[in-house]
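Peer 1: Below is the sequence, then the predicted model.
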Amino acid sequence: MKGQLFRISWNSIRLKLVLSVLLITVPMIAFLIYNNLYAITVVRHQVAESNRNLISLYMDQIDDNLNDLDAYMTNLIVNDKDLQMMSYMNRDQRVLAKVRLDAKMTADIGTLKTVDSIFVYSIADQDYFDVFRGFGNDTQERNNIRAYIRNLITELEETKEFDKRSWYVERIGETYYFFRILQTSDAYVGAWVNIERLSVPLNLLELGERGLSLFATENGVPMTHEETVADFGIDLNRDLSSYYLSGTQVKHLVVGERSSKGEFSLIALIPDDQILGNLPYLRRIVAIISIGAVILVPLCLLLLRKMVLRPLNRIMAAMRRIGDGNLNARIEPFPTSDEFRMVNHTFNGMMEQIQELRIHVYEEQLNKQKAELQHLQLQINPHFFMNSLNIVYNLALVKNYALIQEMAISLVQYFRYMFRSNLTFLPLKDELQHIRNYIRIQELRFPDQLTFEITAPEFLLSARIPPLVIQTFVENSIKHAVSSEGPVAIAVRVDLDDNREAPMIEIVVRDWGSGFTEEVLREIRTGNRIVDAQGGEHIGIWNVKRRLGLLYGDRAHIQFSNAPEGGAEIRMRLPLHLGT
């Protein structure tokens, strides 16, 4: 019942109304959201392309400056005689050559952009000398870099492996540097650039109030603004051929350009909310419309529910209760539209008329069933009546008055029970007593040919069952099993079957005769009346099945079979009804 209440059909008017509202509002909201997302994408693209142009321009300048440095150092190696002949000079000549080379580099470094220092290392006398741009480098920094270069050249001389073919990144202490080293047969010539000083001009890039630019290694490690990148969770180790959003705390637009001269990149980071700050009006309109739709759609649905769906639900709930058999169900009065009031009033009036008609039809069916039950219960076997009178006659001939009296009393009790046709149910003990009385009559008819046994628990003797349902099968067993060939045993067993949802009373009638033929079993199971070879109709079994069907419907079960040891077995299960 509850599952039916919450199951909604695809053809339901409720579903159609809800879908109609959603089909109108959802596309509008989706279009606004799409338009907003499209505008955001366009703005991001424009900002990214604008900043990419600036980044590319500055990176080209840096690469050009580094390229000039490469050209200068190459020219120094190829054309400077002092550097070329230094290993062939004596000590005094080398000193003069170094003075001239130092003066030349000091004069030239002022014309070279970007570089912080140019150095030369003579392999012959392991002498290192360098020149610096201005006085921006402190003594500690110079000493740290000199120590790094000396250790690097010593390692290169030992391993004889030199693969520093381009500008590379090295971290010394807390500072990152660009290094470039060229090797001749007699010396090493190189230059280095402090990243922090190289980053100073980046502040001139227009990246907004909170935007920033930085250098990163080829593995995405920031060389400046490390704390900012870590705090915002920005990933720099991605393809820089196109822009992307990154960041766990605040999303940033990442735009970058890789250097063509070295193992580093120049990257710009622009907060996404700063970019979208240029769209406040459009975003505000979309937000207001979306929020308004979110509020109005439920309100519209609530209004539809109150005006249409709730009255429909009341009508459907009443119809479901009526469908479940509750004809007393009515639609209770409640405030609603005039149309639904008229429908409810008409529905209630129609149900009143249907209930009255149903009561009349039900009463007529009861009367018909009662008359049919009485007719079925009054069907007396005329052969039994005639045989009983014949027994009395034969006893009178031999003047056995004691048996005549017993036979007469048994017949009186038998017919008194048979004519209790006004009772639909009787206690089980009355039916069993009637069977004992009937068996006694048959024992007088067939002396020494019949044995009988009845077993029933005491607590079931008050159970109510239809009259004559057991006696009919006992009578059939005597009629078809008893013969002159030998005695026949008949047993009636009554027990409780509590292995079902509702307890049942199980009645088994068993004889040790010849049993049912296959043809008779087939006729019984198909519900047909049994006709013997002489064309006579045996209606006892059909009579019992018909009465059980009228009284219990499909709640009663009856099975016919032949027992493995021989003989017929009838097993009945009836709803348990205890009475006094």
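Peer 2: Okay, I see it.
Peer 1: Stretch 451-471: which residues count as buried?
Peer 2: Neighbour counts over stretch 451-471 (16 or more other C-beta atoms under 10 Å) mark 452, 454, 456, 460-461, 463-471 as buried. For glycine as for every other residue, the C-beta is placed from the backbone atoms N, C-alpha and C.
Peer 1: cool, stretch 316-333 as well?
Peer 2: Result for stretch 316-333 [16+ other C-beta under 10 Å]: buried residues 318, 322, 329, 331.
Peer 1: cool, and stretch 518-529?
Peer 2: Applying 16+ other C-beta under 10 Å to stretch 518-529 flags 520, 523, 524 as buried.
Peer 1: of those, closest to residue 112?
Peer 2: residue 524 (118.5 Å; C-beta to C-beta).
Peer 1: does the closest one belong to a helix or a strand, and which?
Peer 2: helix 518-525 (DSSP states H and E).
Peer 1: quick one: that helix to chain centroid distance?
Peer 2: 52 Å (C-alpha atoms, centre = their mean, to the nearest Å).
Peer 1: what is the mean pLDDT for that helix?
Peer 2: For helix 518-525, mean pLDDT is 82.
Peer 1: now swap in stretch 396-403 and tell me
Peer 2: Mean predicted lDDT for stretch 396-403 stands at 80.
Peer 1: Can I get it in CSV, CA atoms only?
Peer 2: This file holds the C-alpha atoms of stretch 396-403, laid out as CSV (Å, rounded to 0.1, in the frame of the first residue of the first chain):
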residue,chain,number,x,y,z
ALA,A,396,-36.0,-59.1,13.0
LEU,A,397,-36.2,-62.4,11.2
VAL,A,398,-33.6,-63.9,13.7
LYS,A,399,-35.3,-62.1,16.6
ASN,A,400,-32.0,-60.3,17.6
TYR,A,401,-33.8,-57.6,19.5
ALA,A,402,-30.7,-56.2,21.1
LEU,A,403,-29.0,-55.5,17.8
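Peer 1: residues of the helix or strand hosting residue 188 that come out buried?
Peer 2: Element membership for residue 188, per DSSP H and E: strand 187-194. Across strand 187-194, burial judged by 16+ other C-beta under 10 Å covers 187, 188, 189, 190, 191, 192, 193, 194.
Peer 1: Widest-spaced pair of those residues?
Peer 2: 187 and 194 (23.8 Å).
Peer 1: where does the stretch 301-450 of the chain have low pLDDT?
Peer 2: The model of the stretch 301-450 of the chain has pLDDT under 70 over residues 301, 304-306, 309, 327, 358-385, 420-423.
Peer 1: what about the strands in it?
Peer 2: Ranges of strands within the stretch 301-450 of the chain are 426-427, 450-455, based on DSSP state E, counting those that start in this stretch.
Peer 1: which stretch among those comes nearest residue 401?
Peer 2: That would be strand 450-455 among those, by C-beta to C-beta, at 23.3 Å.
Peer 1: after the closest one comes which helix or strand?
Peer 2: Strand 450-455 is succeeded, C-terminally, by strand 464-465 (DSSP H and E).
Peer 1: what sits up against the very next helix or strand once past that following strand?
Peer 2: On the C-terminal side of strand 464-465, the closest following helix or strand by DSSP H and E is helix 469-481. Defining contact as C-beta atoms under 8 Å, 6 or more residues apart in numbering, one finds that helix 469-481 is touched by 381, 384, 431-432, 434-435, 438-439, 442, 446, 450, 488, 490, 492, 507, 509, 511-514, 538, 540-541, 543-544, 547-548, 567-568, 570, 572.
Peer 1: now do stretch 234-248
Peer 2: The contact list for stretch 234-248 (C-beta under 8 Å, 6+ apart) reads 44-45, 48, 52, 216, 219-222, 229, 232-233, 251-258, 265, 267, 269, 272.
Peer 1: again, but for stretch 152-165
Peer 2: 121, 123, 179, 180, 181, 183, 188.
Peer 1: Widest-spaced pair of the buried residues of stretch 451-471?
Peer 2: Most distant of the buried residues of stretch 451-471, by C-beta to C-beta, are 452 and 464, 23.8 Å apart.
Peer 1: Pull the contacting residues for residue 314.
Peer 2: 331, 332, 334, 344.
Peer 1: Once you drop chain neighbours, what's closest to the first one?
Peer 2: If you skip the residues right next to it in sequence, residue 331 has residue 344 as its closest partner in space, 4.4 Å away by C-beta to C-beta, 6 or more residues apart in numbering.
Peer 1: so how far is residue 356 from the one you found?
Peer 2: From residue 344 across to residue 356, the span is 19 Å (C-beta to C-beta, to the nearest Å).
Peer 1: Looking at these two, which has the bigger crowd around it?
Peer 2: residue 344 (20 against 10; other C-beta atoms under 10 Å).
Peer 1: isn't the more buried one right up against residue 333?
Peer 2: Yes: counting by C-beta atoms under 8 Å, residue 333 is a contact partner of residue 344 at 7.4 Å.
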